[in-house]
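Visitor: Got a sequence here, can you model it:
(2 chains)
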Amino acid sequence: MALLPLTAAFRQDFVVQLVPVEDTDTMEVVAQKVAAHAVDLRVAARNVPMLVHFKGKRLSPLDTPLSAGIGPMDYIEVGYADEYE
Amino acid sequence: MPKLSRSDYYDLTRDMNWHLTYVAENEAFPPEMAGNSGDIPREEWWKWDEPYKLTYREYMQNQADKDTMTYSVKGAISRSHLFDQVDAGWKSAIAAHYGAIAVPEYQASFGEARMARFGRAAAWRNMATFGTLDETRHGQIQLFFPHELLGKNRAFDWAHKAFHTNEWGAIAARHLFDDMFTANDALSTALQLTFTFETGFTNLQFLGMAADAMHVGDVEFGALISSIQTDEARHSQQGEPTLKILVKNGRKDEAQRLVDIMFWRSWRIFCLLTGLSMDYYTPLEQRTMSFKEFMEEWIIKQFMDQFRDLGMNPPWYWETFLDELNWYHHGLHLGVWFWRPTVWWNPDAGVSPAERAWLETKYPGWNDSWGKRWDVITAHARKGEIAQTLPQTLPITCNICQIPIITPSNPKRQHDLGPYALDYNGRRYLFCSEPCKWIFEQNPARYAGHKSIVDRFLAGEIQPPTLMGALAYMGNPQEVGGQDAENFAWAQETPVAVGASH
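Guide: The predicted structure is shown next:
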């Protein structure tokens, strides 16, 4: 387990932020960590599942940065699932 | 003793050009300092002709008159309470202006002095000598005026302090101005500082700012800016004759490249200072036009006219630039306001119901994009949940403009927030836009060694590695600024927001 700084943005937000995660965090946790810096701050909170995208690919909620090959300062996007329908 | 009229002696006394015999031309004018003008013969440079003629005696008389007038206005105003009555948002705008501009004006005298020594024509060197004196004066006067306001507002201490800190906006301004004039050769300085930045942007901006200052009742700042603008109108004209010689002698592509680089960089900092000031900080009743209207009516029209007259093309990213007129500065404003503890002024949210209506009129669709984000903020502000209106991490900053990366600047990528990335010599560089990435690629060796504030944070240079540690690293701007300028009065006026519930 190691600290992994990422560049990340929430889909309805407007800014890319520095978000530290653990490389063993599941994408569910990663999504929450990114959302904590956008949702209910500048993006309205909604009770909808969140998805993580990396290099244009949707990741499984059980993926981790290690399993998905996400490295330091790589960019990920998090957003509400219905935004991608 | 009979006196000659100026036109009888001006060219003779100005044109101190001669053929060098003791040293080679490139020893007297090494390309590192003079710039790379290819194989343009020196005699071609000697045709350099300034549109605005001035003798040293006239210069000194003019400058003495300007100083006398400006300081007398200042003396009269300081005995009144006029400044106390000026709107809080306007005070923020001028505090931001002084911190970002006063010391760079002094540094611009280095760039002018480099042209005064290494410019390839005596006429150019003569004009640059005046420019050196101008910029020294601008540095001094824009430090003295805010110094006198210290008793009213400590933020004015940052007129001098900002450039001596690692505050992110100061890093952005320093990176730009080092590139533009402090560490630039004479030829590039003429094209990038005097033609692109001064003729293209600041000369007109200063006219607008002087008018705005008078509208809001800040007579002192209006007099100061007018005094500076008249100098700029003169010394900015070094760019055009330099550009003409390059174009005439087959160096148009290089001229275009230099202008394209600096137009984009100037646009970035211009949005940060003028965009926020015009559309959010200036009181609604005193706004004469929106930032976009100002850009279209003044900056773009003049720039395009000049380009057409000089045989140049609009920069290759023109479509991206025009698209950004609609949204980029709104993003910068939201970012600056949300990360307000990191700036030395008090950002004015500028989103009361009346102001939002104005924004929607000037930028159709504003409520659906930017307004929705402000709805969430407003809901918290109304409930006094101020912690929910403040950041807990750093935004990623661009490795060229050093400004936080917001929705990427490409009309075809509006829904993709990802930064533009480039791996160079084993290091990852991130950019806000295609033009910023292109600028880096023009001369990687020039830019690669610089670390953005996020790079420094990740390298362990900011301790403790927390937001408070970052504020201390930035010189603690929150000690003099960083508060909402209206203390959230705008939020109380706003109807309950939609879609901002927990």
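Visitor: And the strands in the chain?
Guide: Here I'm looking at chain A. With DSSP state E as the criterion, chain A has strands at A:3-10, A:17-22, A:50-54, A:57-58, A:75-80.
Visitor: Actually, chain B is the one I wanted.
Guide: Going by DSSP E, chain B shows strands at B:420-424, B:427-431.
Visitor: one step back: what's the closest of the strands of chain A to B:Ala448?
Guide: strand A:3-10 (18.9 Å; Cβ to Cβ). No exception for glycine: its C-beta is placed from N, CA and C like everyone else's.
Visitor: Give me the residues contacting the longest helix seen in chain A.
Guide: Ordering each helix of chain A by length in residues (DSSP state H) puts helix A:27-35 first. For helix A:27-35, contacts defined as Cβ atoms under 8 Å, 6 or more residues apart in numbering or on different chains pick out A:6, A:8-10, A:17, A:19-22, A:25, A:50-52, A:59-65, A:68, A:76, A:78.
Visitor: ok, of these, which come out buried?
Guide: When these are checked for burial by 16 or more other Cβ atoms under 10 Å in any protein chain shown, the buried set is A:6, A:8-10, A:17, A:19, A:21-22, A:25, A:50-52, A:59, A:63-65, A:68, A:76, A:78.
Visitor: Report the entries of the residues you listed that also contact chain B.
Guide: For chain B, the contacts drawn from these by Cβ under 8 Å from any Cβ of the partner chain are A:9, A:17, A:19.
Visitor: Mind putting those into a markdown table with distance to B:Glu220 and pLDDT?
Guide: What follows is these, written out as a markdown table (distance: Cβ to Cβ, whole Å; pLDDT from 0 to 100):
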| residue | distance to B:Glu220 | pLDDT |
| --- | --- | --- |
| A:Ala9 | 43 | 96 |
| A:Gln17 | 40 | 97 |
| A:Val19 | 45 | 97 |
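Visitor: Number of residues surrounding residue 40?
Guide: With no chain named, the answer covers chain A. As a burial measure, A:Asp40 scores 18 neighbours (other Cβ atoms under 10 Å in any protein chain shown).
Visitor: was after chain B, sorry
Guide: 16.
Visitor: Which residue is the nearest non-sequential neighbour of B:Ala421?
Guide: B:Leu430 (5.6 Å; Cβ to Cβ, 6 or more residues apart in numbering or on different chains).
Visitor: I'd say the one you found and B:Asn399 touch.
Guide: Yes: if you go by Cβ atoms under 8 Å, B:Leu430 and B:Asn399 touch, sitting 5.8 Å apart.
Visitor: These two: which is more packed in?
Guide: B:Asn399 (30 against 24).
Visitor: For the more buried one, give me its contacts.
Guide: B:429-431, B:436, B:440, B:447, B:450, B:452, B:455.
Visitor: just these now: which is nearest B:Leu310?
Guide: B:Cys436 (25.4 Å).
Visitor: Leaving out chain neighbours, which residue sits closest to the closest one?
Guide: B:Ile400 (4.0 Å).
Visitor: hang on, that neighbour packs against B:Met262?
Guide: No: if you go by Cβ under 8 Å, B:Ile400 and B:Met262 don't touch, sitting 11.8 Å apart.
Visitor: Looking at those two, which has the bigger crowd around it?
Guide: The neighbour count for B:Ile400 versus B:Met262, taken as other Cβ under 10 Å, is higher for B:Ile400 (29 against 26).
Visitor: Please report the number of neighbouring residues for the closest residue to B:Ile94 other than its chain neighbours.
Guide: Nearest residue to B:Ile94 in three dimensions, chain neighbours excluded: B:Phe221, at 5.6 Å (Cβ to Cβ, 6+ apart). When neighbours are counted by other Cβ under 10 Å, B:Phe221 registers 30.
Visitor: B:Phe221 and B:Phe83: what is the separation?
Guide: Using Cβ to Cβ, to the nearest Å, one obtains 9 Å as the distance from B:Phe221 to B:Phe83.
Visitor: Same question for B:Arg125.
Guide: Counting by Cβ to Cβ, the gap from B:Arg125 to B:Phe83 is 41 Å.
Visitor: that older thread, now the strands of chain B as a markdown table including mean pLDDT?
Guide: As requested, these are exported to a markdown table (pLDDT from 0 to 100):
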| stretch | mean pLDDT |
| --- | --- |
| strand B:420-424 | 96 |
| strand B:427-431 | 96 |
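Visitor: Distance to B:Thr132 added to these, as a markdown table?
Guide: A markdown table is the format used below for the strands of chain B (distance: least, Cβ to Cβ, whole Å):
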| stretch | distance to B:Thr132 |
| --- | --- |
| strand B:420-424 | 36 |
| strand B:427-431 | 34 |
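Visitor: Would you mind finding the most buried of those strands?
Guide: Per residue and on average, the most neighbours among the strands of chain B fall to strand B:427-431, with a mean of 20 (mean count of other Cβ atoms under 10 Å in any protein chain shown).
Visitor: Which residues does that strand contact?
Guide: By Cβ under 8 Å, 6+ apart, strand B:427-431 touches A:7, A:16, A:73, B:396, B:398-400, B:405, B:419-423, B:437, B:440, B:448.
Visitor: Who does it pair with, and is each partner parallel or antiparallel?
Guide: Applying DSSP bridges, strand B:427-431 is found paired with strand B:420-424 (antiparallel).
Visitor: contacting residues for B:Gly99?
Guide: By Cβ under 8 Å, 6+ apart, the contact set of B:Gly99 is B:158-159, B:161-163, B:169-170, B:344-345.
Visitor: just for chain B, where's the confidence low?
Guide: B:1-2, B:409-414, B:494-502 (pLDDT under 70).
Visitor: Near chain A, which residues of it are found?
Guide: B:331, B:334-335, B:338, B:370, B:372-373, B:375-377, B:388-389, B:391-396, B:404-407, B:415-419, B:421, B:428, B:430, B:454, B:457-458, B:499-502.
Visitor: Can I have the buried ones of these as a PyMOL selection?
Guide: To isolate the buried subset of the residues of chain B next to chain A in PyMOL, counting by 16+ other Cβ under 10 Å, use the following:
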select buried, chain B and resi 331+334+335+338+370+372+373+375+376+377+389+391+393+394+395+396+404+405+406+407+416+417+418+419+430+454+457+458+500
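Visitor: where along the stretch 351-500 of chain B do the helices fall?
Guide: B:353-362, B:366, B:372-382, B:434-442, B:444-447, B:453-458, B:467-473, B:489-493 (DSSP state H, counting those that start in this stretch).
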